[in-house]
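In: sequence first, then the predicted structure:
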Amino acid sequence: MKRCVILMLIVVVGMAASASAFDGARKGFVLGGGLGFAPVAKYDWPLWEENRSGFALNLVIGHAWDEFNMIVYEGNVTSFSSGRGSVTFAQGFNGACWYHYFGPTGKSFYTAAGLGFYVFRGENAWGYEFQNDPGFGILVGTGYEFARHWQVGAYLSAGKTDAGLGVEMDHSHFSILVSSIAF
């Protein structure tokens, strides 16, 4: 019974918070994501380097403190198939990102800058998975909000991961995304 009351309280508070959060003003709680294309996704380590293209996506959740600035946790990643066999890789930036909009909601250029960590994982056709330890990552981007809640942007992310045994890998990717952000 105690769990049921706590769950009901969480649901009611969550519904009340979400009702005031998404009022159409770029202020307060923000949540969004986008899909697109990464024409360049690169990793480099001592044995070889590879430069491919692939699918890209981003997810953001955070807070806008006024109509022009928001701070979010962003995941900006890409997935691509290797040219060296049946391996699919995923790599990308995860961290804090600051978005600055230069104009009114729905008609504004924006910039994005983030610091966080970079992740890298792979899986072959036989189900073998590997994952490097995350390392430092950065993100820079720019774009245009062409309608309320809709924007198109170009992002460059770079970072390092640890493959183990003292081997570090360098990574970077450039992505073009169409995103929707609820505020």
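Out: In hand now; what should we look at? Residues are numbered from 1 along each chain as shown.
In: shaky segments in this structure?
Out: 1-22 (pLDDT under 70).
In: just the helices from it, written as ranges.
Out: 2-21 (DSSP state H).
In: and residue 172, how far is that from residue 76?
Out: With distances taken as C-beta to C-beta, to the nearest Å, residue 172 is found 12 Å from residue 76. For the C-beta atoms, the positions are set from N, CA and C on the backbone; glycine is no exception.
In: list residues touching both of these two?
Out: residue 157 (C-beta atoms under 8 Å, 6 or more residues apart in numbering).
In: okay, those two: which has more neighbours?
Out: Shown here are residue 172 and residue 76; by other C-beta atoms under 10 Å, residue 76 has more neighbours (29 against 19).
In: the nearest residue to residue 80 once chain neighbours are set aside - how many residues pack around it?
Out: Nearest residue to residue 80, sequence neighbours excluded (C-beta to C-beta, 6 or more residues apart in numbering): residue 54, at 2.9 Å. Close neighbours of residue 54, defined as other C-beta under 10 Å, add up to 20.
In: dump the residue contacts of residue 54.
Out: Contacts of residue 54 (C-beta under 8 Å, 6+ apart): 37, 38, 41, 78, 79, 80, 81.
In: residue 116: which of those residues is nearest?
Out: residue 78 (15.6 Å; C-beta to C-beta).
In: for beta bridges, what are the partners of the residue nearest to residue 80?
Out: Counting by DSSP bridges, residue 54 forms beta bridges with residue 38.
In: roughly how far does it sit from residue 36?
Out: 10 Å.
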